[in-house]
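**Q** Here's my sequence, what's the structure:
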Amino acid sequence: MLVKRKIIKIDEDLCNGCGQCILDCAEGAIQIVNGKAKLISDNLCDGLGECMNGCPQDALEIIERNADEFDEKAVENHLQENKKCGSLKMSPFDQSDSTVSNWPIQISLISPDSDIFENSDLLIAADCVSGVCRTFHDDIAGNKKLMIGCPKLDSQDEYKKKFEYIFKTHNLKSLTLAKMEVPCCSGMENIIKDALKSSGSSLKANIITVSRSGKIL
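**A** Model (predicted):
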């Protein structure tokens, strides 16, 4: 039943797809679709606007319009389903020509609540590593779960928040960071170390550095 009520509105022209609103929305009502935040169903949005707080682009606002009523039961079911697969799945695929066990998902897009992280060997790799290192799959990736990103292109603060949440809420078997021997990649190492410390995790990160010529140092 449609009622006039408060609900979130997302300005796609302003949205940069950082995913902070996903972290701030307790109901899981927002997902990243084609690089933009989307309200996936009206009945999942409570209209309180918690998702607006951390948006760096001011792309979200509360408006009044006709919408389905907020449904707590639907939210509960949605969150349970989301726990199983994540907002953006780190999906398995044909591994005949690759060792990694999932599509390489951008850090800013993967749901930190995905249970794909549970008991996993997680590899966080700078975007450039796989393109420069010829032995990336054999010598670095193995059968690890792979996330990729660049601290120069994305928000370092958002990376830290996401990693801190993952380290705090999931039981990782191991953590590896693969980075380039370039100044901007030192930011990724600092982010990981800071997130581990603030999360209270006892996990230690294995740092792999790749030279500009593609050699593992």
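
**Q** all strands for this structure, in order.
**A** In the chain, the strands defined using DSSP state E lie at 2-10, 30-33, 36-39, 60-68, 105-106, 121-126, 145-149, 174-180, 205-210.

**Q** Specify the stretch among those that is closest to residue 81.
**A** Nearest to residue 81, of all the strands of the chain, is strand 30-33, at 12.2 Å by C-beta to C-beta. Heads up, the C-betas are built off the backbone N, CA and C, glycines and all.

**Q** surely residue 41 meets residue 29?
**A** Yes. Using C-beta atoms under 8 Å, residue 41 is in contact with residue 29, at 6.7 Å.

**Q** Where does the prediction get shaky in this structure?
**A** 82-104 (pLDDT under 70).

**Q** mind listing the helices for it?
**A** All helices of the chain, identified by DSSP state H, fall at 20-24, 72-85, 129-132, 156-169, 183-199.

**Q** Tell me the spacing between residue 131 and residue 188.
**A** Distance of residue 131 to residue 188, given as C-beta to C-beta, to the nearest Å: 16 Å.

**Q** Give me the domain ranges for this structure.
**A** Per automatic domain parsing, the structural domains of the chain span 2-85, 105-210.

**Q** Against residue 1, how distant is the closest residue to residue 200 other than its chain neighbours?
**A** Sequence neighbours aside, residue 168 is the residue nearest to residue 200 in space, at 6.6 Å (criterion: C-beta to C-beta, 6 or more residues apart in numbering). For residue 168, the distance to residue 1 equals 39 Å [C-beta to C-beta].

**Q** of those two, who's got more company?
**A** A direct count of neighbours by other C-beta atoms under 10 Å for residue 168 and residue 1 places residue 168 higher, at 14 against 4.

**Q** Next up, the contacts around residue 112.
**A** By C-beta atoms under 8 Å, 6 or more residues apart in numbering, the contact set of residue 112 is 23, 162, 165-166, 169.

**Q** Report the separation between it and residue 58.
**A** Distance from residue 112 to residue 58, by C-beta to C-beta: 23 Å.

**Q** and what of residue 209?
**A** For residue 209 relative to residue 58 (C-beta to C-beta), the value is 38 Å.

**Q** Look at these two and report which has more neighbours.
**A** Here residue 209 and residue 58 are set side by side on neighbour count (other C-beta under 10 Å), and the busier one is residue 209, at 18 against 10.

**Q** residues touching the more buried one, list them.
**A** Residues near residue 209 by C-beta under 8 Å, 6+ apart: 179-181, 185, 216-217.
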